[in-house]
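In: with the sequence up front, the predicted model follows.
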Amino acid sequence: MNALGLYEEDHCFVCGTQNPIGLHLKFQFDSATGITHAAFVPGRNHQGYDGVVHGGILASILDDAMANCLWLRGIPAVTAKMELRYREPVPVGEHLLIHGRLVKERSKLAHAESWITTATGVRLVEATGTFVKLPQQVKDSAVAERHNTGAQQPCGSVSPASKNPTNTA
């Protein structure tokens, strides 16, 4: 087990490949733009009100987009604070594009933002977050665990530089 018990079993709800009820998003980092991307088509099992995706599901996706953006840059960090703005109701069955990027890095903190759009680029939900950077030994332990278990960084479903998001639904 690593220092914080992070990411050993690839069961992250948003991006873990081994979570049977998870969303299984596959984040990809575009090194040219510095943006992490994923795609998702929510089903009825992701709704709150009839035909509308539950806000907690959307918040989880946005949090993970920011975390993946940091971890893929080699910045191990955990969420300290997150703020959301729901611009439009997100309909079930809509092809969603998820984006995350690093805004600012400090010695102990990182600030990131993420947003969800329609396939045509209409912003539906956006978030900003402050992340506490973890010590180097945690990063080293997480890298060793991923190597030993075959899990990908950070939560199991990320890919290196790619400009096109992958639809996993």
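Out: Thanks, I have the structure now.
In: all helices for the protein, in order.
Out: Listed in chain order, the helices of the chain (DSSP state H) span 55-72, 136-149.
In: looking at those helices, which has the lowest confidence?
Out: When these are compared by mean pLDDT, helix 136-149 comes last with a mean of 61.
In: tally of neighbours for Arg85?
Out: Around Arg85 there are 11 other residues, counting by other CB atoms under 10 Å. For every residue, glycine as well, the C-beta is placed using N, CA and C.
In: so who does the closest residue to it other than its chain neighbours touch?
Out: Excluding its sequence neighbours, the residue lying closest to Arg85 (CB to CB, 6 or more residues apart in numbering) is Glu126, at 5.2 Å. Glu126 sits next to Leu62, Leu84, Arg85, Arg87, Glu113, Ser114, Trp115, Ile116 when contact means CB atoms under 8 Å, 6 or more residues apart in numbering.
In: just the residues you listed: which are in strands?
Out: Those of the contacts of Glu126 mapping onto strands are Leu84, Arg85, Glu113, Ser114, Trp115, Ile116, per DSSP state E.
In: was I right to think the fourth one contacts Ala67?
Out: No - look at Ser114 against Ala67 with CB atoms under 8 Å: they stay out of range, at 9.2 Å.
In: got any residues that touch both of the two?
Out: With CB under 8 Å, 6+ apart, Ser114 and Ala67 have common neighbours Gly100.
In: which parts of this protein are strands?
Out: 27-30, 35-40, 77-86, 96-105, 109-118, 123-133, 158-159.
In: any chance of TSV for these, columns mean pLDDT and distance to Asp10?
Out: Listed next are the strands of the chain as TSV, based on pLDDT from 0 to 100; distance: least, CB to CB, whole Å:
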stretch	mean pLDDT	distance to Asp10
strand 27-30	91	13
strand 35-40	94	16
strand 77-86	96	17
strand 96-105	97	19
strand 109-118	98	21
strand 123-133	97	21
strand 158-159	37	11
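In: which of the ones you listed sits most buried?
Out: Per residue and on average, the most neighbours among the strands of the chain fall to strand 35-40, with a mean of 24 (mean count of other CB atoms under 10 Å).
In: tell me how far that one lies from the chain's centre.
Out: The gap between where strand 35-40 is centred and where its chain is centred comes out at 8 Å by CA atoms, centre = their mean, to the nearest Å.
In: which elements pack onto that strand?
Out: strand 27-30, helix 55-72, strand 96-105 (3 or more CB pairs under 8 Å, 6 or more residues apart in numbering; DSSP states H and E).
In: alright, I will stop here.
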